[in-house]
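here are the coordinates; sequence isn't available:
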Ligand code: SF4
Ligand code: SF4
């Protein structure tokens, strides 16, 4: 008998991950429960008002969700990321959460924390999620509500956090770095570090809306920091700086084998995970909404999508020769956030150059590759 | 939770643990607080561990499970019994297994 009967593994280093990725096996999925949100953040790529009946009607029903979870489970998925909009708006959130648990899914929940009740506390105390990720928009009422555009939301956020703290429920705080809160980022960082032991994270990259609403897209553009500001913020954040450097070295090492590759998707999308949209459309990743890369789960089984449609989409090649030529010779490539999903949202094509991202990669490279801190100009 | 494991007792998987096949591995996922080691952990069982687990049906004692395994493995029965007890100890300590009264 082999005596190593049991091994205990943290989920992040579960030893089947790598093997699954190599063999292209589904190991995680995002479950977007709703596009509706009780807030109305300036930078949001998805939200519609919480009482939007059309969006509510389009949402997957509980029965549809459980059938999809069953299928994901049969395909081997172990990790479900529950998000929205605001997922807690679903009146059947508890049932969905428990269904995922009883299926043996490890769960991450993304929420704005403004809707927590004692019932959520009971649920998360008895059946803890692996991650409860909360986004912080401001450290003061003025800033927070300038972004969320909902009066009383800062108070509700603080009450939500207080409820979690009182009941010893673990959570992670992260921030969006926006034009409307950049002046307050030091206080937001301090607040996050005070309340959560997890390393502080911020995200300065905003992508445009799936519904391509011009006015809302303009609001998102207005919230973007300049590439210079992003470079500076990243330089000041030593954890992020180190992680980017490490990633840069990894990409540098593997570049020679990839140099002549003209595959569109080189980021790993569709290899181990997918996203189930609130309206029953499956996306290869959360941000990718090009019509040739989304699949209607009301007309296809998840298995067909995973085993047929997505592998087919993964064969796509870059058509834009200018993009290929420019990226191949680009020294910023290891620190570049370009991806087909961003390209589609910005330019309507999967393979367009996005000057803003090139600029950001350039500024990032100045600080990361040469390791010269940029002057602080915030 | 310090309790010795008795070979003539029946142990059964907790309802707060889900056993699943994931990527070729047999995995136990604890779903509630206090079960397992920490929230971030899953447990994988090797083939022999799974063979023991599969026999924990709420009816058989550890002695009966060991006897049954003895018909499959070319290992002395005393050694199998020790292994079954060790395995049970590990999972019982983590509340992944419960002890239940023997049903006559
Ligand atoms: S809380 Fe999240 S989902 Fe809601 S509007 Fe803000 S960014 Fe969008
Ligand atoms: S920075 Fe621009 S040119 Fe360079 S790799 Fe990225 S997208 Fe291509």
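Nice, I can see it. Treat the numbers as computed from the prediction; the structure is a model and nothing was measured. Ligands and ions are numbered 1, 2, ... in the order given.

low-confidence bits of the chain, can you list those?
I went with chain A, as the question did not name one. For chain A, applying pLDDT under 70 flags the ranges A:1, A:15-21, A:255-257, A:369-378.

actually chain B
B:1-3, B:38-39, B:102-104.

for the closest residue in space to residue A:298 that isn't next to it in sequence, give me phi and psi.
Distances taken as CB to CB, 6 or more residues apart in numbering or on different chains place residue A:280 nearest to residue A:298, at 4.7 Å, with adjacent residues excluded. Placement of C-beta: from N, CA and C, glycine included. Main-chain torsions, residue A:280, degrees, to the nearest 10: phi 90, psi 10.

and for residue A:83?
According to degrees, to the nearest 10, residue A:83 has phi -140, psi -170.

might you report the residue contacts of the closest residue to it other than its chain neighbours?
For residue A:83, ignoring the flanking residues on the chain, the nearest one in space by CB to CB, 6+ apart is residue A:110 at 4.1 Å. Contacts for residue A:110 (CB atoms under 8 Å, 6 or more residues apart in numbering or on different chains) come out as A:81-84, A:87, A:133-135.

which ones among these lie within strands?
A:81-83, A:133-135 (DSSP state E).

can you list those in TSV and add distance to residue B:92?
Shown next, in TSV, are those (distance: CB to CB, whole Å):
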residue	distance to residue B:92
A:81	32
A:82	32
A:83	37
A:133	34
A:134	36
A:135	41
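
picking that back up, specify the local secondary structure of the residue nearest to residue A:83.
Secondary structure, DSSP: H, G, I helix; E, B strand; the rest coil: residue A:110 is strand.

that one pairs with what?
residue A:133 (DSSP bridges).

distance of the residue nearest to residue A:298 from residue A:57?
Per CB to CB, to the nearest Å, residue A:280 is found 12 Å from residue A:57.

more crowded one of those two?
In this view residue A:280 and residue A:57 are compared by other CB atoms under 10 Å in any protein chain shown, and residue A:280 has more residues nearby, 18 against 8.

what sits against residue A:168?
residue A:125.

10 Å - rerun?
A:121, A:125 (CB atoms under 10 Å, 6 or more residues apart in numbering or on different chains).

what about the residue nearest to residue B:16 when sequence neighbours are not counted, distance to residue A:102?
Leaving out its chain neighbours, the residue that sits closest to residue B:16 by CB to CB, 6+ apart is residue B:32, at 4.2 Å. To residue A:102, residue B:32 is 11 Å away according to CB to CB.

ditto for residue A:183
For residue A:183, the distance to residue A:102 - CB to CB - is 46 Å.

which of the two has more neighbours?
The neighbour comparison of residue A:183 against residue A:102 (other CB under 10 Å) goes to residue A:102, with 14 against 11.

just to check, that one is in contact with residue A:70?
No - judged on CB atoms under 10 Å, residue A:102 makes no contact with residue A:70 at a distance of 11.0 Å.

counting neighbours, what do you get for the closest residue to chain B within the stretch 151-300 of chain A?
Per CB to the nearest CB, residue A:170 is where the stretch 151-300 of chain A lies closest to chain B, at 7.6 Å. Applying other CB under 10 Å, we find 15 residues neighbouring residue A:170.

likewise residue B:30?
For residue B:30, the count of nearby residues is 24 (other CB under 10 Å).

so what's residue A:92 up against?
A:33, A:61-62, A:65, A:99.

now neighbour count, secondary structure and distance to residue A:106 too, for those, in JSON lines please.
As requested, the contacts of residue A:92 are exported to JSON lines (neighbours: other CB atoms under 10 Å in any protein chain shown; DSSP: H, G, I helix; E, B strand; the rest coil; distance: CB to CB, whole Å):
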{"residue": "A:33", "neighbour count": "24", "secondary structure": "coil", "distance to residue A:106": "17"}
{"residue": "A:61", "neighbour count": "10", "secondary structure": "coil", "distance to residue A:106": "24"}
{"residue": "A:62", "neighbour count": "14", "secondary structure": "helix", "distance to residue A:106": "21"}
{"residue": "A:65", "neighbour count": "22", "secondary structure": "helix", "distance to residue A:106": "17"}
{"residue": "A:99", "neighbour count": "16", "secondary structure": "helix", "distance to residue A:106": "14"}
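
for these, which one is nearest residue B:48?
Distance to residue B:48 across the contacts of residue A:92 (CB to CB) is lowest for residue A:99, with 32.1 Å.

stretch A:221-229 close to ligand 2?
No - Stretch A:221-229 lies apart from ligand 2 when judged by CB under 6 Å from any ligand atom; the minimum separation is 10.4 Å.

got the contact list for that stretch?
By CB under 10 Å, 6+ apart, stretch A:221-229 touches A:41-44, A:147, A:176-182, A:185, A:204-206, A:208, A:230-233, A:346, A:355-364, A:366, A:374-378.
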